[in-house]
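>>> Give me a 3D structure for the following:
(chains A, B and C)
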Amino acid sequence: MSGSTMTVKNIIFSVLLIFIPISLAAEYLHWGELAVFITAGLAILPLAAWMGTATEEIALVVGPSLGGLLNATFGNATELIIALVALRAGVVNVVKASLTGSIIGNLLLVMGFSMLLGGLRYKEQVFQPTIARLNASTMNLAVIAMLLPTAVDYTSAGIDEPEMQKLSVVVAIALIVIYLLTLFFSMKTHSYLYDLSAEEESETESHKPNAWLWTGVLLTVTVLVAVESELLVGALEEATKQLGLTELFTGIIVLPIIGNAAEHATAVVVAVKNKMDLSVSVAMGSSLQIALFVAPVLVIAGWFMHQPMDLNFNPFELVAVAVAVLIANSVSSDGRSNWLEGSLLLATYIVIGAAFFFHPPI
Amino acid sequence: MSGSTMTVKNIIFSVLLIFIPISLAAEYLHWGELAVFITAGLAILPLAAWMGTATEEIALVVGPSLGGLLNATFGNATELIIALVALRAGVVNVVKASLTGSIIGNLLLVMGFSMLLGGLRYKEQVFQPTIARLNASTMNLAVIAMLLPTAVDYTSAGIDEPEMQKLSVVVAIALIVIYLLTLFFSMKTHSYLYDLSAEEESETESHKPNAWLWTGVLLTVTVLVAVESELLVGALEEATKQLGLTELFTGIIVLPIIGNAAEHATAVVVAVKNKMDLSVSVAMGSSLQIALFVAPVLVIAGWFMHQPMDLNFNPFELVAVAVAVLIANSVSSDGRSNWLEGSLLLATYIVIGAAFFFHPPI
Amino acid sequence: MSGSTMTVKNIIFSVLLIFIPISLAAEYLHWGELAVFITAGLAILPLAAWMGTATEEIALVVGPSLGGLLNATFGNATELIIALVALRAGVVNVVKASLTGSIIGNLLLVMGFSMLLGGLRYKEQVFQPTIARLNASTMNLAVIAMLLPTAVDYTSAGIDEPEMQKLSVVVAIALIVIYLLTLFFSMKTHSYLYDLSAEEESETESHKPNAWLWTGVLLTVTVLVAVESELLVGALEEATKQLGLTELFTGIIVLPIIGNAAEHATAVVVAVKNKMDLSVSVAMGSSLQIALFVAPVLVIAGWFMHQPMDLNFNPFELVAVAVAVLIANSVSSDGRSNWLEGSLLLATYIVIGAAFFFHPPI
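Numbers count the residues shown, from 1 in each chain, chains lettered A, B, ... in the order given. Reported below is the predicted structural model:
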């Protein structure tokens, strides 16, 4: 990404950096939990974006396939850091909800906006159907595996927590293995399938960024995200209560919007430039990484932290993720998109959001 | 549709008009609720058909896209009128069941018979896969949205009726917005996708009908449908009890067969003429309109009538609709059909019907 | 299948025939239930394989379409015999679990290994998408129908056993009708769709086997399978208790692995030879036959044996089968496969297996 769009995006995000000192002031001058929650949330937005920019610049040096990998990993680094901080603080249900919320948000909100805004400019946009279909299959497996423990609990008289944790760890290991296999597939044995979009990307890029500089930026930003996450999580319980939101709604809707802002901006910007291949792969790839990498890492981290982090979700989360995957696959599997398909994804997001808003706490 | 097929169809349906006076006699001479129910049901069949014919004739004057819209709307006008009458009479569960039953009936019974009978004459029939896929995605969204409130109730300890109604109204509004967007898409921004079938249709038509005459017919028929619906709904509870049927079965199977007779006849007749594009779009379009237009209108009407009309269905209705959409999409998404696919749809309808027959009342 | 691969496979399986006398010794010399269970299980493996070989040889004489039919039927004959023996012994839940387990095993384990091992040798393998899609639709119907009674029970306050049996018999009859229709479709009205793979097969075959000899082998093997099934089923309850497995796990995972060994070997061998059409049709066809033929035959047999054999499964079986069909269809519907898709199927099998292992008995 280069030129004027990047500049505009970077200016907007740079201005938001002001919320880093503001959020720290809010915390230490005791402006109230709600102020801390909102300012820390706003501070994370530009940090996640800078994380993305730094990753992209490093990606230009290390080449397109490793770059693609870096891109998706550090896009989700924000979410992983927030989730680890929240896990240590013991708000396990919020962590779990943020996982399903991230998948739903990437598939419906990010991909929906990309297809809608791209579709307003181009009558029909195309992307590689082979990869879209393979992503769909992998996504099916990922969410199935992630949600099977919930189904075990829901269809039996109930399963003991230690057994549920063991099952969750087994599933987590299977997910990580699949994650490694998909990387091996896309970067080694079948990398030619992914070449087209790489080519497309490199066309518009010509400068040679300074890898050391950007690695420094990446590390600084990572530390700052961790600091702001502490503020965000610390204020979370009290702030959401003041806003009249349930724990479930906060985890599903609010946290993922903060965590996914970077992917969101990237996916929409490239969609409007008609690089739909890249746009879909950011949204799809991000969801896949939540399910295949972030979720299992958190389960295993929870095991070591002695937090009851398992893959036993609220049954309605299971419904919502299944629905999001179904509609995202249904829309993307033919390798074509238009504004109506984007609207369908957004409408699904809205009704799911409304459903979570009205879902009574159990 | 013109010539001999139309004549035969019209003769059959015209003969059934005799049931209008008979049903009125049954009501006022007190022949019993069962007699009223059956004769009013038979009287509605030709009225729905005439509504269809009048709409088609008006459609010829106003052009193919507006005509297609008129066609689908007034095909479902019969169902909307029956449902509104039933809603005012307070049999809310029957109204809700008739919505899911209409979707199931259109996707499985109407499309099944079309593909079976068309397939007996042609080895393979084709229709536009782009539109079929887009319809599939829209249908997925529509039933997901329509059924999410049920899932919220089923996966929680239960949700209060006022909250459920609020959630249902939010979903209803989202559905109507999507409905308007699909109309805008098919008639404005992407109308070229739908041109092929319009062309095909107009080929066989050459006369210029009298729009005023047919508008008069349409209005008269609408009034008569409303009258007969009153008789039908008034006799419903007593009659179904005498027949040994549950409320659920009546709503799911019996009412939609009466309400869908017109689409049924049209879809099958054009399928046998190998206009599969039109046939599938009648069946699919009718289901879509139930979910995107009739259901939300009823929710909003219920809100004004102070009837507890929400989108909280029996969970087995959710299963049945999901199953119907899954199999209909699976059969139609490749844009080809044969007699076996028609049989699969019909077999699905039969097993779902049997399941509802044996489903114990809650 | 001819030449060296067949020889190797036959040598391996012939050696296992030694377990026929060993299992009989274990039974009559009272070596313990566990010994009987394991040796009878091992003895069934080569018998199922010989059943397959005999069927293939007879198939060469009777022609490709009737041959394909014979092939699939006698591949599942092993499972049908084990199930009938188990049904007579009254272990109805194990019989039901072995049905869902067979479908899951064929779709995930057999197809997974075929795609993985075939994919290690060929970058991309292709098979007929038209048939794959039709199989997918039929499979959707089959599992829907098979699982609807469970959904009726689960979504109501519960249904009486006699009503459940009646519903199951109605569904069973519908399934058998669909089974006959699919045979009529593939062998009569649309046999040309299936010609390609038949041609491919016949290329490598040249000898003319002795039909009488192989019919004799088939009959002998059938009797031996029945004998060993008696030993297996007799020892089942005690042996699985000693192994610490639940009834559900044994039925879902252990029995189908024994019963499906023949299809397994065939599908993998032909996949490695790049005859993916045949490989997929063995795995898909076998699952279809379990749902459309074996399951309904058992329901009707249970009716006559006065065993409460119905189609009311454990709800988690419903989840597992739905998941298996979804992922198998998602992977196969484009008519292409690679090693990653095979791995996805196997990973799904592993997480489902783990879920059943941890599923608490109800």
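>>> Helices of the stretch 1-150 of chain A, start to end?
A:3-16, A:19-28, A:33-62, A:64-88, A:92-104, A:111-121, A:129-154 (DSSP state H, counting those that start in this stretch).
>>> Adding distance to A:M309, write the ones you listed out as TSV.
C-beta: built from backbone N, CA, C; applies to glycine. Shown next, in TSV, are the helices of the stretch 1-150 of chain A (distance: least, CB to CB, whole Å):
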stretch	distance to A:M309
helix A:3-16	31
helix A:19-28	26
helix A:33-62	22
helix A:64-88	6
helix A:92-104	5
helix A:111-121	28
helix A:129-154	12
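>>> deepest of these, which one?
Among those, judged by mean count of other CB atoms under 10 Å in any protein chain shown, the one packed with the most neighbours on average is helix A:92-104 (a mean of 26).
>>> State the mean pLDDT of that helix.
In this model, helix A:92-104 carries a mean pLDDT of 92.
>>> That one - contacts with which helices or strands?
Counting contacts by 3 or more CB pairs under 8 Å, 6 or more residues apart in numbering or on different chains; DSSP states H and E, helix A:92-104 packs against helix A:64-88, helix A:247-249, helix A:255-259, helix A:276-289, helix A:295-305, helix A:315-332.
>>> Now with 6 Å, please.
helix A:64-88, helix A:247-249, helix A:255-259, helix A:315-332 (3 or more CB pairs under 6 Å, 6 or more residues apart in numbering or on different chains; DSSP states H and E).
>>> CSV please, covering those helices and showing mean pLDDT.
Formatted as CSV, the helices and strands packed on helix A:92-104 follow (pLDDT from 0 to 100):
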stretch, mean pLDDT
helix A:64-88, 79
helix A:247-249, 84
helix A:255-259, 85
helix A:315-332, 89
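>>> Please identify which of those is closest to chain C.
Smallest distance to chain C across the helices and strands packed on helix A:92-104 (CB to the nearest CB): 7.6 Å, for helix A:315-332.
>>> and the angle from that closest one to helix A:129-154?
Here helix A:315-332 runs at an angle of 170 degrees relative to helix A:129-154 (axes from the mean of the first three to the mean of the last three CA atoms, to 10 degrees).
>>> before we move on, the earlier item: in TSV: the helices and strands packed on helix A:92-104, plus distance to chain B.
Formatted as TSV, the helices and strands packed on helix A:92-104 follow (distance: least, CB to the nearest CB, whole Å):
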stretch	distance to chain B
helix A:64-88	23
helix A:247-249	10
helix A:255-259	19
helix A:315-332	4
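>>> where are the low-confidence patches of the stretch 101-250 of chain A?
Across the stretch 101-250 of chain A, the ranges flagged by pLDDT under 70 are A:195-207.
>>> again, 50 this time
Counting by pLDDT under 50, the stretch 101-250 of chain A shows low-confidence ranges at A:197-204.
>>> Tell me the residues on it that lie near chain C, please.
Counting by CB under 6 Å from any CB of the partner chain, the stretch 101-250 of chain A comes close to chain C at A:133, A:137, A:140-141, A:144-145, A:148, A:151-152, A:155-156, A:159, A:163, A:167, A:170-171, A:174, A:178, A:181, A:185.
>>> neighbours of the closest residue in space to A:A328 that isn't next to it in sequence, just the number please.
Closest residue in space to A:A328, ignoring its immediate chain neighbours: A:L107 at 4.0 Å, by CB to CB, 6 or more residues apart in numbering or on different chains. Other residues near A:L107 come to 30 when the count uses other CB atoms under 10 Å in any protein chain shown.
>>> I'd like the distance between the closest residue to A:I300 other than its chain neighbours and A:Y179.
Nearest residue to A:I300, sequence neighbours excluded (CB to CB, 6+ apart): A:A172, at 5.7 Å. Distance of A:A172 to A:Y179, given as CB to CB, to the nearest Å: 10 Å.
>>> So between those two, which is more surrounded?
It is A:A172, of A:A172 and A:Y179, that has more neighbours when counted by other CB under 10 Å, with 25 against 19.
>>> mind listing what's buried in the helix or strand harbouring the more buried one?
Applying DSSP states H and E as the criterion places A:A172 in helix A:161-184. Residues of helix A:161-184 classed as buried: A:163-176, A:178-179, A:181-182 (neighbour count, 16 or more other CB atoms under 10 Å in any protein chain shown).
>>> excluding its backbone neighbours, what's nearest A:P209?
Of all residues not flanking A:P209 in the chain, A:E57 sits nearest, at 4.0 Å (CB to CB, 6+ apart).
>>> ignore the last one, A:R88
In this structure, A:R88 finds its nearest non-sequential neighbour in A:M305, 6.3 Å apart by CB to CB, 6+ apart.
>>> quick one: whichever residue of the stretch 151-300 of chain A sits closest to chain B from C:E247, how far?
When distances are taken as CB to the nearest CB, the stretch 151-300 of chain A reaches nearest to chain B at A:Y154, 8.4 Å away. Applying CB to CB, the value for A:Y154 to C:E247 is 20 Å.
>>> and what of A:I18?
With CB to CB as the criterion, A:I18 and C:E247 are 64 Å apart.
>>> Show me which of these two is the more surrounded one.
Neighbours per residue, other CB under 10 Å: of A:I18 and C:E247, the larger number sits with C:E247, 16 against 13.
>>> Buried residues of the helix or strand encompassing A:E228, list them for me.
Element membership for A:E228 (DSSP H and E) is helix A:211-243. Using 16+ other CB under 10 Å as the test for burial, helix A:211-243 gives A:214, A:217-218, A:221-222, A:224-237, A:239-240.
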